[in-house]
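> for reference, the sequence and a predicted model appear below.
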Amino acid sequence: MDTHLKSIVTLLGLGALLLLAALWGWAAVSKPFPEREGAAVCVDRAFAEGDPIRRGDVTISVLNAGTRNGLAGLTLDLFVDAGFGEGQSGNVPEGAPRVRDVEIWTTDPEDPAVQLVAAQLGGSARVVRREPTTAGVQVVVGDRFQTLSQGPRRIRADRDVEICGPPPAV
């Protein structure tokens, strides 16, 4: 085989390898990132009577019951900035009762986590016995809600309780 033919065959082979590598690279780069399956927003953690419950031990979810766009996300950001765990945000389900200012929907109004969250909302928060639809303590804000109050950083559990808080860091 003469030198020119060897060079052409070599260049064609290298070109084919380059094309295959480019196709493989493009397929790898354009593939979506894998999502964490079943990543929990919060996990239940037991607290004994007298244990301190800190803001970081409690996950907050916020639902918007008003007409102000983005109010739930903004309020959730305020809670996260104050040290609470980030839960879910969105709008109240269709047919939910009207909320003017702010309410906490819970099945246990005496829950220490609910009391800690209520303290951050000042005197305007009503605690309503209602089944929550989100993870953690569910706060529902209406059009009149403005901002959080300066509440305590922690409280003591007045009984044995399980609180849904941020999952441990991986």
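That came through, no problem.
> where does this protein dip in pLDDT?
Scanning the chain with the threshold set as pLDDT under 70 gives 33-39, 170.
> all helices of it, in order?
Using DSSP state H, the helices found in the chain span residues 3-30, 71-81, 112-120.
> isn't Glu86 right up against Gly73?
No. Glu86 lies out of contact with Gly73 (Cβ atoms under 8 Å); the separation is 10.5 Å. Heads up, the C-betas are built off the backbone N, CA and C, glycines and all.
> out of these two, which sits in the busier spot?
Taking other Cβ atoms under 10 Å, Glu86 and Gly73 do not tie; Glu86 has more neighbours (18 against 13).
> so what's that one closest to, chain neighbours aside?
Distances taken as Cβ to Cβ, 6 or more residues apart in numbering place Val80 nearest to Glu86, at 4.9 Å, with adjacent residues excluded.
> for this structure, what spans make up the strands?
43-47, 52-54, 59-64, 85-91, 102-106, 125-129, 137-141, 154-156, 161-165 (DSSP state E).
> between those strands, which one is closest to Leu11.
Proximity to Leu11 (Cβ to Cβ) singles out strand 85-91 among the strands of the chain, at 56.0 Å.
> so how far is that closest one off the chain centroid?
Centroid displacement of strand 85-91 relative to its chain, using Cα atoms, centre = their mean, to the nearest Å, is 5 Å.
> so which bits of that strand are buried?
For strand 85-91, a neighbour-count test (16 or more other Cβ atoms under 10 Å) marks Gly85, Glu86, Gly87, Gln88, Ser89 as buried.
> contact partners for the most centrally placed residue in the chain?
Computing the C-alpha centroid of the chain and ranking residues by Cα atoms, centre = their mean puts Gly87 first, at 3.2 Å. The contact partners of Gly87, by Cβ atoms under 8 Å, 6 or more residues apart in numbering, come to Val41, Cys42, Thr59, Ile60, Ser61, Val62, Leu76, Thr134, Ala135, Gly136, Val137.
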